[in-house]
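# test case, fold it:
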Amino acid sequence: MNNSIETERYDYLDNIKWVLTIIVIVFHSAIIACKIPMGFNLPPVKETMQYQYEILDTFVIINASFFMSLFFFISAYFVIPSIERKGAGKFMLDKLKRLGIPTLITLLVIFPMMSLDYATSNIKGFFLTGSIDLGVTWFCWTLIVFSGVFALCSQITSRSQKGFVDKPIPAIWKILLFAIIMIPVNFFGLHLMDSLGSTFLGFRLLKNFPMYISMFYFGVLAYRYQWLDKLELKHAFYGILMWIIAMSFIRPIASGYGYDADMVTCGFTVIGMSMFLLYCFKELCNTKGRWSSMLTRTAFAAYVVQLYPMKLIADFYQSFMTQTPLVNFVVIAIPSVIGSFAIGYLICKTPILKRIF
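Numbering: from 1, shown residues only. Next up is the predicted model:
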């Protein structure tokens, strides 16, 4: 990498992260309020109101079409400057501390607080089957692995990146071609998940990993080639158009032929929505005030602890829940977001924990 290029902390990337964190919490709240298994779902409502489950399912599908892959992209964007500043060894030690400890906290503190029996059987299951549920911190564990592989590769290769700084964002036809090429790769990921399980070695839903890996790599390239500075309105337009076409036309066609629609469309939806949101946030949300700074600071802690307040709220609400899934969703989502960020705020004020989160 050309050392003359200074690392800039873009405010809009911080803003995207806390917005995505809220989306994740709301996403899980929608799952609790519908029929998708979560472990502590609300009881089914009467049959005449179950049509609202389809609305919540659509909301879940829309968000799942892009949000975790965009998290990987943003996380990867700062990998190169971090390695250059700290060195590969210190970089990985920092990742192990900031991502590994929250993962252990989930396994050894949050899960036992939610259900001691589940926490115990979960760890035992790892030694028996190789599968383990890391909750939402599967993302942390996966990011450790991705970062470690990249750090190792950066040490092995001595190729200079200097000549690549001005490489433009790929043309739309190249992006579309990549999305098409990824379809069989995505199905291979689905095959691995069916064969190994949905939480094998803590990697949640292996069917999504081809796009996670791709977006992590694209995040590295985006920094190397300064692609975010080159994002224009046309990229946002092409991006949202890709997403709309994939969700409105390609997805139902794939489902009609009996294919897993997510595997067919995710290359288009992930890249398309990511380009759209990155441009919109760059143009409209590239500032930071008091509240956005606080939300940015507490977002990671809120992400890690979200399941605990969510379960408390769901368990408390069950005894007087309505028969309207959309109302139940709102009742779960709003206090879950507030509770998660409130706990995250307290964590970030705790002398020891604030060094980790």
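
# what sits closest to Leu196 if chain neighbours are left out?
Leu206 (6.6 Å; CB to CB, 6 or more residues apart in numbering). Quick note: C-beta positions are derived from backbone N, CA and C, even for glycine.

# okay, now the one you found: neighbour count?
Close neighbours of Leu206, defined as other CB atoms under 10 Å, add up to 22.

# so what's it up against?
Listed by CB atoms under 8 Å, 6 or more residues apart in numbering, the contact set of Leu206 reads Gly189, Leu190, Leu192, Met193, Leu196, Ser198, Phe200.

# let's see 6 Å
Gly189, Leu192, Met193 (CB atoms under 6 Å, 6 or more residues apart in numbering).

# ok, the residue nearest to the last one when sequence neighbours are not counted to Gly219 distance?
In this structure, Met193 finds its nearest non-sequential neighbour in Leu206, 4.0 Å apart by CB to CB, 6+ apart. Using CB to CB, to the nearest Å, Leu206 is found at 20 Å from Gly219.

# include distance to Phe139 when you put the contacts of Leu206 into JSON lines, please.
Converted to JSON lines, the contacts of Leu206 look like this (distance: CB to CB, whole Å):
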{"residue": "Gly189", "distance to Phe139": "16"}
{"residue": "Leu192", "distance to Phe139": "18"}
{"residue": "Met193", "distance to Phe139": "16"}
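
# most neighbours, which of these?
Counting by other CB under 10 Å, top hit in the contacts of Leu206: Gly189 with 22 neighbours.

# close enough to count as contact, that one and Lys207?
Yes: counting by CB atoms under 6 Å, Gly189 touches Lys207, with 4.5 Å between them.

# how far does stretch 335-342 sit from the chain's center?
Mean-position distance between stretch 335-342 and its chain equals 18 Å (CA atoms, centre = their mean, to the nearest Å).

# and for stretch 91-103?
So, by CA atoms, centre = their mean, the centroid of stretch 91-103 is 17 Å from its chain's centroid.

# what about dumping the CA coordinates of it to CSV?
The C-alpha coordinates for stretch 91-103 follow below in CSV (Å, rounded to 0.1, in the frame of the first residue of the first chain):
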residue,chain,number,x,y,z
PHE,A,91,-3.0,-6.4,14.9
MET,A,92,-4.1,-10.0,15.6
LEU,A,93,-3.6,-9.7,19.4
ASP,A,94,-5.9,-6.7,19.3
LYS,A,95,-8.5,-8.6,17.3
LEU,A,96,-8.3,-11.5,19.7
LYS,A,97,-8.9,-9.2,22.6
ARG,A,98,-11.6,-7.0,21.1
LEU,A,99,-13.5,-9.8,19.3
GLY,A,100,-12.5,-13.0,21.1
ILE,A,101,-13.3,-11.8,24.6
PRO,A,102,-16.9,-10.8,23.7
THR,A,103,-17.3,-14.2,22.1
